[in-house]
Every structure is written in C-alpha cells, then in structure tokens.
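# please work out how this folds:
(2 chains)
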Amino acid sequence: MSQTTQSPADAPSDEAVAKERGARAALWRKGLQQGLAFGTLVVLLLFFSIASNNFFTWSNISGILLATAVIGILALGTTFVITTGGIDLSIGTGMTLAAVMTGIVAVNLGLPLIFGVLAGIATGALMGLINGINVAYLKLPPFIATLAMMMVAQGLALVISGVRPIYFSGVPGFKDIALGTLIPSLPNAVLIMFILAAVAYFLLSKTVFGRYTVAIGSNEEATRLSGVNTNRWLVTIYTVAGVFTGIAGVVLAARLDSAQPQLGVGYELQAIAAVIIGGTSLLGGRGSIVGTLIGALIMSVLINGLRIMSIQTEWQNVVVGVVIAIAVFADSLRNRRGL
Amino acid sequence: MRFSKRTALVAGAATFALALAGCSGGGAPATSGEPEAGGDGETLQIALVSKGFQHQFWQAVRTGAEEAAEELGVEVTFEGPAAETEIDAQLQMLQAAIDRGPDAIGYAALDPQACIPLYEAAESAGIPIVEFDAGCESEYGQNLAATDSMAAGALAAQNMAELIGGEGQVGIVGHSQINSTGVERRDGFVEEIEANYPDIEIVDIQYGDGDHLRSADIAKAMIAAHPDLVGLYGTNEGSAIGIVNAVTELGLPAGELTIVGFDSGAAQVDAIRNGVMAGAITQDPIGIGRTVVENAVAAINGEELDDFTDTGSYWYDAENLEDPEIAAVLYE
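Next up, the predicted model:
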C-alpha cells in the first residue's frame, strides 16, 4: 500500500496526487480481491452445473445456502476480530455453549422461547466480552486468550448439559427460527445470515466502530496515540463478534431442533478459512464483509459439489485444503507486488 | 514490532489449534461410589478407559458399568477422550490408569496396535486387563465384550432389503472410514447386499464423523445427486439423525425414503415412532458396561474367561419398540 517516498521538495499538489493514487489503488485492490473471490464462486457453480445435472436445482441451491448459514454467521462476526489483526478460536465451541444455554433456559427452565434465544445470544456476548478484556487489558495474545475460551466453552457445554443433548421437541416454533420460510422457499436461517451480513457491512464500512476496527488492525499503537481508547474498542469488537457467535448457536440449535453439546470443534477453522478466502487479511487492517460471505459460499459450494459428484470424503478434504492454500497464496502475492 | 509477532502466532495457528484442541478432551474421570485411596483397600478398584465420553452410547456403557459395580460392591472410574480420533489422548489415560494401580483395567482400544506397549506395562505391574467394544492386538488382554459389528451391519442390510422390496438404489452415511465400528458396520451392510441382493445398488458412501449437521448436509447432497434413491443407512446415531433432518428439511413425506439407523437416543426413537425412520439396529451398551465390570471382577479372582462375548444387536422399529426386551437396550 505504501507509495514511493516523496522528497520534501515536491510540491504539495504532488503529494495530494500521490495520496489520491494510493486511495485509488487500495480501492482497486479491494475490488480485485472480491472480484477474484466472486469469480471463483461463479467458476465453481458453472463447473459443478456441467459436471452434474442434479447440482443446479433450487432444492440443492437452497440446501447449499442452508449449509452456509451457521458457518457464515460465525465468519461474519469473526471478520471484525481478524480485521483488528486478532483471531478468535472460541467461536466453534462458543456457539455450542450458546446453543446449550438456549436449551437450558427454554427447555429445562421452561421459560418462554424468547428468553432462551436471548440467553444464547447473551452467552455469546459474554464470552466475547471476556475474550476482549483478556486481549485488551490483560494483554494475552488473541490466539491464546481465545484458545483458552474455546476449551472453557467446550467443557462448560458438557457440564451444563450433563453430557447429553437437549431436545426442543416441547418448544413449538423453535425449529422455525432456522427452517421456517418468511420468504417462500428460502429457509429463515439463510435470511438471518443475509440480514446479519447487511448489518455487519454497515458496521464495518459506515460507522466509527468499523473505522476503528480497521485502524487498530493497521496500527494499534498509532491509533492509541491519536487519542482513541483502543482497549475499550477492542473489548467492543470482541463482544460484537460474540453476539454473532451467540446467534449462530441459536440458529444451529433451531436447525437440529436440539442442542448437541459435543458439536462445534473445527467449525472455527472453517469460519476463519471463509474469512481469509474472502480477502480479509490475517495481518489485520483490511476486512471485507462481502468477501466473507462469498468465502463462506465458496466453501459450501465446493463441499456440496464434491458430494454431489460422489467424490470420496478423504479427497473432499484435500481439495478444500488446496483451495484455501491457493486463496491465501494469491492474497499474499498481491500484497508482495504492492498492487 | 507488533505485526511480526502476530504473524508468527498466526502462522502456526491452524495446526496448533488442532493439536491443542485434541488435548482439551472432555475426559473428566467419573467416579461412582465413595472415593478411596489406592488400589489395595478392601474395595476393589476397576479403571475403565473408554473410546469416548460425550456420546450417549458411552454414557450408557458407563451406566451399565456403574450398575454392575454397585451390585458387586466394587468401584469403577470411567474416562475417555473427547473424540474417537484422539488415540494419543486415550493412551495417556490408559498410562495414567496403570500408574494409579487399580485392581483391574477395562479398556476399549481406539487403535489395536498403539496399545501393545502399555499392555506390557500393565502385565509387569500385575494388573489384569479386560476389553470392551474393541480389543488390542496383544495376548495379555482377556475377553472382549462387544457387539459383532459385521453381523449388526448385515442385520441392517437384511431389514433395508426387505423394506425396499429387494431392489433399488441405496446410500450410506457413515461415521468413520477409519475406526473399526465404522468400517465393520459399513462392510457388514455392503457384503450382505452384494452377496444376497443383486438388484440393490449401493450408489454412494460418504462420511460425516457422526456430526448431526454435516451428516444432514451429506444426506441432502446424496438425495439431490441420486433422484432414484429409495433408501439411506446411517451407521451411528449422529449419521442417522442427520438423514432424518435432511428428509424433514426437504419436506419429503414420511416413509417415501426408507431410512435405517443405528443405536438409539431420544431423537431416533421419536423418528421411528412418527414414521420418518423405518427402524434401526441397537446394540446393548448397558450390557457391554455390565459385562466388562463382571469380567474384571472374575479376572481379579483368577477365573478363566472366554475370548469374546457378543453382547448382541437387535432390529427395532415402530412394531417392537415397546417390547420389554427391546425397551431394555434402548437408551435416551
């Protein structure tokens, strides 16, 4: 991103031009990334449509979208954290803990469903808050802070549930949160993902919150020195990510009509992969919500397509791994050339 | 500089996370009865090291073990790794159990060979080992109390064949292409179909690790890819429930696709009751737990044990769900 250094003798107008050029380059690069990701998605869709007659049917496309919902919601939230240069490994098992808390409140305590949903979201927010405090004030590296939370959440989910699934069969309407269709033939879980994507897009690109998220990721020290309370913003950012985790937990429980306490390990890596494929930089300072959504779709289109073609499960993993590696390599290549 | 540190952290992120997550296991040992110091008190101590802990099946094994322990007046501890892929974590649990010096150990091997050195350690410590669910390829272990998984898979195939009228395309949603139960339940099914039902074609086999969500997405893809599919077989609870969820989400009428499941659990029993699932194979996990504790006590007393105890597998459906002998082997 850095332009060639200007000599002090240069006229101010030159500086302005350079800045302008820099901004345009940044915009163009962002467009290129999303363009690449989107292009990949289109190529995959075309490829699988040609490879199998049964791929491009509404039933299957709707299945792909539904399969994207949980990972997609996790990925949207964690985009903020990764944009600050952090990482959140607690989202997979955190989502499970949120689902279990929803079950405890709505099933075991028998409170109205809305309290169960709120309990799930609040659980996510609380875990995010603790992550944020550990990172911002206790100065734990995000990797370690959230790794610890990942284990705590996994353990608590098992303890609180008594190591058995909680079924929502006695809670009418809960399943509809994920599987009802407010828009005909589009599952609500998908609708929720798109609404949250719009919210996240607004937050990241149109608000002070979003600007500070990017600023902290670009240079936390400089942001702090310019008078921003970066610690407080970091806590807010991790908490917002936690809210997304909580919502993902509720959607997951609704889709399965049950809270499965052993689920969730590995989901965080899929979500992180979706974010990275979408062009958000692991180094921080650059994040894209549209990219994350496309990244999550690429992952599930790829997996679904390979399944439709009856490719062996082992090879599916190999292909997905290679695609992630290529995506990140392409990203780093662009950075190196300073495009 | 801040960035370089972060970069370094992030670089190893994926592998590191997986490795550490592996150790984070949900293997809190559970003790029944009063805790007592050492293995040489008046109460016999039996340490059970299971393949898993969180799954309902292992909880049912634990229930059976604790029941038998209470009747026989012995104490059991029960532990297992968080996932059935964590061979290493399980070996550490076995090592720790040997170090504690109980009167006997009950072991369900995740890997049939990795356990051999530890069996030698147990032998030199003079601790007898009885086996459950899956054995170790060592001469030292005594009696394996387990379900004959090949026979169970074949039983699933016979019922599937009968339900679909002996012809058509079927698919399998497996839970593991590696561990022995996953492999044998699949192979038992496949071999039975190939040997006796030439008009049935197995069009696809995929694996969802027993994850409800992933298994549902796999089943949906299979149904989309094979419009003529008439039956789906799920090789464990998570796989079977995944298929049920897929059919429900697609809005297919109950019974249009013949679903054969495995194991029990509340959701599966419900699905059978309301006709979405045709039936399932159940093992007797409580019986496995009981048998291993009884065998452990017999081994401590120096009794001669058989090499293998088949604890049995049973077909159950809406018809016989309430029969006492079936109801006894189903778990919540």
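# what's the residue closest to the geometric middle of chain A?
The structure's chain A has its C-alpha centroid closest to A:Ala75; by CA atoms, centre = their mean the separation is 1.0 Å.
# okay, and it sits in which element?
Element membership for A:Ala75 (DSSP states H and E) is helix A:58-83.
# nearest residue to the residue of the stretch 151-300 of chain B found nearest chain A other than its sequence neighbours?
Closest approach between the stretch 151-300 of chain B and chain A, counting by CB to the nearest CB: B:Ala221, at 3.7 Å. C-betas here are computed from N, CA, C, even on glycine. Residue nearest to B:Ala221 in three dimensions, not counting chain neighbours: A:Arg307, with 3.7 Å by CB to CB, 6 or more residues apart in numbering or on different chains.
# how far away is the one you found from A:Leu118?
Separation of A:Arg307 from A:Leu118 (CB to CB, to the nearest Å): 36 Å.
# neighbour count winner among those two?
Legend: neighbour count by other CB atoms under 10 Å in any protein chain shown for A:Arg307 and A:Leu118, higher for A:Arg307 (22 against 17).
# thought the more buried one was touching B:Ala219?
No: with contact defined as CB atoms under 8 Å, A:Arg307 does not reach B:Ala219; the gap is 9.6 Å.
# so which residue of the stretch 51-200 of chain B comes closest to chain A?
Closest residue of the stretch 51-200 of chain B to chain A, CB to the nearest CB: B:Gln54 (4.0 Å).
# give the helix, strand or coil label for that residue.
At B:Gln54 the chain is in coil, as set by DSSP: H, G, I helix; E, B strand; the rest coil.
# from B:Glu84, how far off is it?
Here the criterion is CB to CB. By it, B:Gln54 lies 10 Å from B:Glu84.
# same question for B:Ala267.
For B:Ala267 relative to B:Glu84 (CB to CB), the value is 20 Å.
# neighbour-wise, which of those two wins?
Set side by side, B:Ala267 and B:Glu84 show more neighbours around B:Ala267, with 26 against 23, by other CB under 10 Å.
# mind listing what's buried in the host helix or strand of the more buried one?
B:Ala267 is part of helix B:266-273 when elements are defined by DSSP H and E. By 16 or more other CB atoms under 10 Å in any protein chain shown, the buried positions in helix B:266-273 come out as B:266-272.
# which of those residues sit farthest apart?
Spatially, the most separated pair among those is B:Ala266 and B:Ile272, at 11.0 Å (CB to CB).
# Provide the secondary structure category for the residue nearest to B:Ala327 when sequence neighbours are not counted.
For B:Ala327, ignoring the flanking residues on the chain, the nearest one in space by CB to CB, 6+ apart is B:Leu321 at 7.3 Å. Following three-state DSSP, B:Leu321 is assigned to coil.
# B:Leu321 and B:Gly153, how far apart?
Taking CB to CB, one finds B:Leu321 at 21 Å from B:Gly153.
# more crowded one of those two?
B:Gly153 (27 against 15).
# for the nearest residue in space to the more buried one that is not next to it in sequence, give me the pLDDT.
Distance criterion CB to CB, 6+ apart; nearest residue to B:Gly153, sequence neighbours excluded, is B:Gly188 at 2.4 Å. Predicted confidence (pLDDT) for B:Gly188: 96.
# send me the helix or strand harbouring B:Gly188 as CSV with only the CA atoms.
With secondary structure defined by DSSP H and E, B:Gly188 is part of helix B:180-196. What follows is helix B:180-196 as a C-alpha-only set of coordinates in CSV (Å, rounded to 0.1, in the frame of the first residue of the first chain):
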residue,chain,number,x,y,z
SER,B,180,-13.4,-50.5,13.5
THR,B,181,-17.1,-49.9,14.2
GLY,B,182,-17.5,-47.5,11.3
VAL,B,183,-15.7,-49.9,8.9
GLU,B,184,-17.4,-53.1,10.1
ARG,B,185,-21.0,-51.7,10.1
ARG,B,186,-20.4,-50.4,6.6
ASP,B,187,-18.7,-53.6,5.4
GLY,B,188,-21.3,-55.9,7.0
PHE,B,189,-24.0,-54.0,5.2
VAL,B,190,-22.2,-53.8,1.8
GLU,B,191,-21.2,-57.5,1.9
GLU,B,192,-24.7,-58.7,2.8
ILE,B,193,-26.2,-56.6,-0.1
GLU,B,194,-23.6,-57.8,-2.6
ALA,B,195,-24.0,-61.4,-1.6
ASN,B,196,-27.7,-61.8,-1.4
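# that one: how far from the chain's middle?
The chain centroid and the centroid of helix B:180-196 are separated by 16 Å under CA atoms, centre = their mean, to the nearest Å.
# any residues touching that helix, and which ones?
Under the criterion CB atoms under 8 Å, 6 or more residues apart in numbering or on different chains, residues B:112, B:133-134, B:147, B:149-158, B:160-161, B:170, B:172, B:174-177, B:200, B:202, B:205, B:207, B:233, B:235-236, B:262 lie in contact with helix B:180-196.
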